[in-house]
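1. I need the structure of the sequence given here:
(one chain, ligands or ions: 1)
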Amino acid sequence: MQPRRKFPTTRSATTSARYAKRRKNRLARVDNDLTDAEWLRLLDAWGGCAYCQGEGAALQRDCVQPVSRGGRYTLGNVVPACASCNASKHNTEVTGWLRRKKLDERAFLLRHATILQALMPDPEQ
Ligand SMILES: [Zn+2]
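-> Just a heads-up that it's a prediction; the model follows:
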């Protein structure tokens with residue numbers, strides 16, 4: 001007996017094209033648009049390195065989702081990171097890296113979401 005499938009396992013060509021187009025438009029719209037003003041708001045909101053809470057040393061713009069993995073320099077994807085965290089994280093996936101560094105992954109994700117909600121109340125706009 002054949003197992004019943006609730007959803008088709010493959011997308012039709014039309015659907016795939018539509019998704020690809022939508023994704024392309026979305027990326028074009030938000031491409032690297034972090035302004036200096038937004039960066040200052042991020043620095044203010046985090047009050048230090050987003051990952052280790054370190055202060056003092058100049059904080060760098062770190063893409064939570066690395067650029068090499070499709071991340072962009074946008075308000076929703078950039079956090080302040082100290083030179084040490086930035087260099088260590090490099091282009092690895094953030095949650096795996098946090099776990100390896102024994103940093104509090106849950107606290108980071110929660111804080112990131114809270115800060116983004118405060119800085120951009122409607123992320124869909
Ligand atoms: Zn750090």
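
2. can we go C-alpha only for contacts and neighbour counts from here?
-> Fine.

3. which stretches of the chain form strands?
-> Along the chain, the segments classed as strands by DSSP state E run 60-63, 78-81.

4. report whether the first one contacts the ion.
-> This points to strand 60-63. No - Strand 60-63 is not in contact with the ion by CA under 5 Å from the ion; minimum separation 9.7 Å.

5. elements contacting that strand?
-> The contact analysis (3 or more CA pairs under 8 Å, 6 or more residues apart in numbering; DSSP states H and E) places strand 60-63 against strand 78-81, helix 83-89.

6. quickly compare the ones you listed and say which is most buried.
-> Mean neighbour count (mean count of other CA atoms under 10 Å) peaks for strand 78-81 among the helices and strands packed on strand 60-63, with a mean of 26.

7. may I see the helices and strands packed on strand 60-63 arranged in CSV, with mean pLDDT as well?
-> Formatted as CSV, those follow (pLDDT from 0 to 100):
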stretch, mean pLDDT
strand 78-81, 97
helix 83-89, 94
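
8. relative to Thr114, which of these is closest?
-> Of all these, it is strand 78-81 that lies closest to Thr114, at 12.8 Å by CA to CA.
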